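Student: after the sequence you'll find the predicted model.
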Amino acid sequence: MPSFQCQVCGTPFDVPRGALERYPGWRPKYCRDHSPNKKKAADKTAAAPKKAGASRRARGGANRAGSRREENLTPAEARAKYADGPASGIFTDGSASPNPGPGGWGVVWVENGEIVSERHGHDPDTTNNRMELRALIEAFTMLPEDAAVSVHTDSRLCVNTITQWAPGWERRGWKKKSGPIMNLELVQELLALYRAHPACELRWIAAHAGHRWNEYADSLATAWMRSER
């Protein structure tokens, strides 16, 4: 089945060959989650009147979840508010607002709940995926090659790219069947750093789930948006 890469999130996706044959010359650009048709359907649903008796709890939960993503806390506020999650490791985050648009990245290295080092940066014209990759590159450059540390990211795409897909692309001369590799120079740089730290594990961690140091890294990544870091 032919494979393509979403131009919004970079995630590979497959399209049945029969569908491609029905529309000669069509080259899919978006995964299911970012399909323009899905957005139109969501807009229609949002505009439709609410059914009587809808669950207040469900609506309240959605509002709370949305507000957590928009907290835009400073690192000190994030550290004071959240306490869950691993107490040691490197935690990274990156984002752009809007995407593409200006963005930032953040990294914090923690041992037993105490900060060893942290970094953050800003790019005036970037994407979410580029900032996630940049954060991980900065994380590995903070570590000596003999370090044995878990490196956390809330981007499954980054984890899968480095631990599963990139070695195969490399064997094929940095090519893949579905077309060009997005952010190739960052992927190559990160893969080399990952290999140079064989005792370090690259791990996915859920975003906005109350994990203290993931929230802290998020606050570093958005520091460029605030007058107070």
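Tutor: Done, it's in. Numbering: from 1, shown residues only.
Student: so for residue 201, what's the nearest residue that isn't a sequence neighbour?
Tutor: Excluding its sequence neighbours, the residue lying closest to residue 201 (C-beta to C-beta, 6 or more residues apart in numbering) is residue 150, at 5.0 Å. Yep, even glycine has a C-beta here, placed from its N, CA and C like the rest.
Student: look up how far residue 81 lies from that neighbour.
Tutor: Distance of residue 150 to residue 81, computed by C-beta to C-beta, to the nearest Å: 23 Å.
Student: let me see the domain layout of this protein.
Tutor: By the assignment in automatic domain parsing, the chain contains the domains 3-48, 74-225.
Student: start and end of the longest one, how far apart?
Tutor: The one in question is domain 74-225. Here the two ends of domain 74-225 are set 10 Å apart, with distance taken as C-alpha to C-alpha, to the nearest Å.
Student: tell me the average confidence for it?
Tutor: Domain 74-225 shows an average pLDDT of 97 in the prediction.
Student: does the residue nearest to residue 201 touch residue 200 like I think?
Tutor: Yes - with contact defined as C-beta atoms under 8 Å, residue 150 counts as touching residue 200 (7.2 Å).
Student: who has more neighbours out of those two?
Tutor: Taking other C-beta atoms under 10 Å, residue 150 and residue 200 do not tie; residue 200 has more neighbours (21 against 14).
Student: ok, the more buried one - contacts?
Tutor: Contact partners of residue 200, counting by C-beta atoms under 8 Å, 6 or more residues apart in numbering, are 140, 143, 147, 148, 149, 150, 151, 194.
Student: next, count neighbours for the second one.
Tutor: Around residue 143 there are 20 other residues, counting by other C-beta under 10 Å.
Student: phi and psi next, for it.
Tutor: phi -100, psi 140 (degrees, to the nearest 10).
Student: start at 660, not 1
Tutor: New numbering, starting at 660: the last item is residue 802.
Student: residues in contact with it?
Tutor: Contacts of residue 802 by C-beta under 8 Å, 6+ apart are 749, 768, 808, 856, 859.
Student: can you give me the strands for the chain?
Tutor: Under the criterion DSSP state E, strands of the chain are mapped to 662-664, 671-673, 748-755, 760-770, 773-785, 809-812, 860-863.
Student: so who does residue 768 touch?
Tutor: 748, 749, 774, 775, 776, 777, 798, 801, 802, 808.
Student: go ahead and build a PyMOL selection from the buried members of those.
Tutor: Here is the PyMOL command that selects the buried residues among the contacts of residue 768 (16 or more other C-beta atoms under 10 Å):
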select buried, resi 748+749+777+798+801+802+808
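Student: closest to residue 764 among the contacts of residue 768?
Tutor: residue 798 (9.5 Å; C-beta to C-beta).
Student: now the spatially most central residue of the chain: closest residue in space, sequence neighbours ignored.
Tutor: Nearest to the centroid of the C-alpha atoms of the chain, with distances taken as C-alpha atoms, centre = their mean, sits residue 814, at 3.4 Å. Ranked by C-beta to C-beta, 6+ apart and with sequence neighbours excluded, the top spatial neighbour of residue 814 is residue 791, at 4.2 Å.
Student: residue 869 too?
Tutor: Nearest to residue 869 is residue 743, by C-beta to C-beta, 6+ apart, at 4.8 Å.
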